[in-house]
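>>> Quick one, what's the 3D model for this:
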Amino acid sequence: MLARQRQAAILERVRATGGVRVTELAAEFGVSDMTIRRDLDTLHEQGVLAKVHGGATTTGPGSTHEPGFHAKSVRQLPEKAAIAARAAELVRPGAAVALSAGTTTAELARRLVDVPGLTVVTNSLPVAEILHAGDRTDQTVVLTGGVRTPSDALVGPLAVAAIRSLHLDLLFLGVHGISERAGFTTPNLMEAETDRALVAAADRLVVLADHTKWGTVGISSIVELSAADVLVTDDRLDPQARQVLDERVGELVVVAGAGTTSRSAPGRAPAPDRGPGRVAAPTREGTAE
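The predicted structure follows:
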């Protein structure tokens, strides 16, 4: 196959699925990873796709554009792994927690497989599959049901009805975008309603979002910034954004390769430890530059 033919096939695949991985394309076309990366470089320079760590995705998302789970799963992998690892420290054995749909919450699910006694409520098919594969008899996984979205979330009236009867210690919420004006947003109207039900059911809200979410605005707001008790992000977050979030969220936790930065917003102390089976507030550490 000529390079131009291979690149056309790659572009068609990206447009059909929303995202591709270098390793998968190399195996499919019988070429090296380096050859695929050169193809992606060419297509990226043409502006027809966006290169990300380990692959490529579609370009030009608008406020209603909703990438598939596979497309999002190849973006910001190191940041998501660090965020998930830090978030897992907030979970105690025996807690009742909720994980919303998203690739960062899926990363968190992989780190919760070995936590004993958990009850996990989720509207994410990938999260449920990850926890089910752990095969722990002392964990309970509750899948809400509902209408499936492109990001493998279950949403709509059935999901909302199931969630409204629950009382949860902690919600880990993945979001599509964050802005000072719109707060935490999603490109799916029904997913926003389902996420709001999860927020209402939980004692505490922890938002998981890498730096690329800042400035992205989906069509529907989930909650305002001040609703977040904790926001876990990475150290590539814009300094101006960090200042805004410091002032608005209860606790801003910024993870880096070798440590974390944790700050409380003025006038908003972290919630106290709620006792056995509940989730403690994150430990405040010194600033790490």
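>>> Now do residue 139 against residue 146, distance only.
Per Cβ to Cβ, to the nearest Å, residue 139 is found 22 Å from residue 146. Quick note: C-beta positions are derived from backbone N, CA and C, even for glycine.
>>> do residue 79 as well
Taken as Cβ to Cβ, the span from residue 79 to residue 146 is 29 Å.
>>> Next: residue 36.
Taking Cβ to Cβ as the measure, residue 36 falls 37 Å from residue 146.
>>> Have a look at those two and say which one is more surrounded.
residue 36 (25 against 21; other Cβ atoms under 10 Å).
>>> quick one: contacts for the more buried one?
Counting by Cβ atoms under 8 Å, 6 or more residues apart in numbering, residue 36 touches 10, 22, 25, 26, 29.
>>> which element is it on?
helix 33-45 (DSSP states H and E).
>>> Report the central residue of the chain.
With distances taken as Cα atoms, centre = their mean, residue 104 lies nearest the centre of the chain, 3.2 Å away.
>>> give the contact list for it.
Shown here is residue 104, whose contacts under the criterion Cβ under 8 Å, 6+ apart are 80, 83, 84, 174, 208, 209, 210.
>>> count of neighbours near the third one?
Counted by other Cβ under 10 Å, the residues lying close to residue 84 total 23.
>>> Isn't it up against residue 206?
No - Residue 84 is not in contact with residue 206 according to Cβ atoms under 8 Å; the separation is 11.3 Å.
>>> number of nearby residues for residue 10?
Residues near residue 10, counting by other Cβ under 10 Å, number 22.
>>> That one and residue 21: what is the separation?
Applying Cβ to Cβ to residue 10 and residue 21 gives a distance of 11 Å.
>>> Ok, residue 57 next?
Taking Cβ to Cβ, one finds residue 57 at 10 Å from residue 21.
>>> just residue 248 next, same as before
Residue 248 is 36 Å from residue 21, by Cβ to Cβ.
>>> can you map out the strands along the stretch 151-289 of the chain?
Shown for the stretch 151-289 of the chain, the strands assigned by DSSP state E, counting those that start in this stretch span residues 154-155, 168-174, 177-179, 183-186, 202-208, 220-223, 230-234, 251-256, 259-264.
>>> and residue 57 and residue 21? which has more neighbours close in?
Using other Cβ under 10 Å as the criterion, residue 57 and residue 21 rank with residue 57 on top: 22 against 16.
>>> wait, that one sits on residue 11?
No - here residue 57 lies out of contact with residue 11, judged by Cβ under 8 Å, at a distance of 11.8 Å.
>>> who touches both of these two?
Common neighbours of residue 57 and residue 11 (criterion: Cβ under 8 Å, 6+ apart): residue 49.
>>> Quick check: the gap between residue 90 and residue 12.
Relative to residue 12, and taking Cβ to Cβ, residue 90 is found at 42 Å.
>>> who's more crowded, these two?
Between residue 90 and residue 12, counted using other Cβ under 10 Å, the more crowded position is residue 90 (22 against 10).
>>> quick one: secondary structure of the more buried one?
Three-state secondary structure (criterion: DSSP: H, G, I helix; E, B strand; the rest coil) places residue 90 in coil.
>>> ok, longest helix in the chain?
The longest helix of the chain (DSSP state H) is helix 3-17.
>>> Off-centre distance for the following helix or strand past that helix?
Using DSSP H and E, the helix or strand that follows helix 3-17 in sequence is strand 19-21. How far strand 19-21 lies from its chain's middle: 18 Å, per Cα atoms, centre = their mean, to the nearest Å.
>>> and what of stretch 163-177?
Worked out by Cα atoms, centre = their mean, stretch 163-177 lies 13 Å from the chain centre.
>>> Then stretch 119-133?
What separates the centre of stretch 119-133 from the centre of its chain is 14 Å, taken as Cα atoms, centre = their mean.
>>> just the CA coordinates of that stretch, formatted as PDB?
Provided in PDB are the C-alpha atoms of stretch 119-133 (Å, rounded to 0.1, in the frame of the first residue of the first chain):
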ATOM      1  CA  THR A 119     -20.200  -0.300  46.700                       C
ATOM      2  CA  VAL A 120     -19.700   1.500  43.400                       C
ATOM      3  CA  VAL A 121     -22.600   3.100  41.500                       C
ATOM      4  CA  THR A 122     -21.800   4.100  37.900                       C
ATOM      5  CA  ASN A 123     -23.500   5.000  34.700                       C
ATOM      6  CA  SER A 124     -20.400   4.000  32.700                       C
ATOM      7  CA  LEU A 125     -20.300   0.700  30.900                       C
ATOM      8  CA  PRO A 126     -16.400   0.700  30.800                       C
ATOM      9  CA  VAL A 127     -16.200   1.400  34.600                       C
ATOM     10  CA  ALA A 128     -18.700  -1.400  35.300                       C
ATOM     11  CA  GLU A 129     -16.700  -3.800  33.100                       C
ATOM     12  CA  ILE A 130     -13.400  -3.000  34.800                       C
ATOM     13  CA  LEU A 131     -14.800  -3.500  38.300                       C
ATOM     14  CA  HIS A 132     -16.700  -6.700  37.200                       C
ATOM     15  CA  ALA A 133     -13.400  -8.100  35.800                       C
END
